[in-house]
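Participant: Here's my sequence, what's the structure:
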Amino acid sequence: MVELDRCEINCIHDEAVKAVREAMFSEDIAISLAELFKALGDPTRVKILFSLMTRELCVCDIAAVIGVSDSAVSHQLKILRTLRLVKYRREGKILYYSLADDHVEKLFAQGLEHATE
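Facilitator: Got it, this is the predicted structure:
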């Protein structure tokens with residue numbers, strides 16, 4: 001029986017391997033990218049990002065939108081902030097969160113488009 005996920009023979013294409021190795025990013029970038037995708041692997045964080053893609057919200061508003069506690073939202077926002085996916089601004093005693101930049105919105109929008117195809 002032939003496995004569809006493997007070549008039938010072991011054959012290295014030296015030029016192709018060399019070209020991809022030269023284009024390959026560093027281990028640090030690989031780790032950062034993996035962390036980014038890991039962050040997107042949690043449904044609560046995905047809902048938070050979608051909420052913030054729609055508009056700037058405070059912690060209490062996010063909690064009301066996605067139906068979890070303020071403390072759960074705060075915990076997830078800390079992770080997203082550490083990964084530089086969200087930012088906040090303080091207005092008195094209220095913290096308003098938004099997406100960190102347009103890269104986050106583009107990444108999320110493309111992922112959402114792929115998931116809904």
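
Participant: okay, the nearest residue to Val86 once chain neighbours are set aside: pLDDT?
Facilitator: The shortest distance from Val86 to any non-neighbouring residue, by CB to CB, 6 or more residues apart in numbering, is to Leu80 (4.4 Å). C-beta coordinates here come from the backbone N, C-alpha and C atoms, glycine included. Looking at Leu80, its pLDDT reads 96.

Participant: One more: Glu3?
Facilitator: Value for Glu3, per-residue pLDDT: 67.

Participant: Over to Tyr97?
Facilitator: pLDDT at Tyr97 comes out at 97.

Participant: Which residue, neighbours along the chain excluded, lies closest to the spatially most central residue of the chain?
Facilitator: Centroid check for the chain by CA atoms, centre = their mean gives Leu40 as the closest residue, at 4.0 Å. In space, and not counting its chain neighbours, Leu40 is closest to Val46: 6.2 Å by CB to CB, 6+ apart.

Participant: hang on, that neighbour packs against Lys38?
Facilitator: No. Look at Val46 against Lys38 with CB atoms under 8 Å: they stay out of range, at 12.0 Å.
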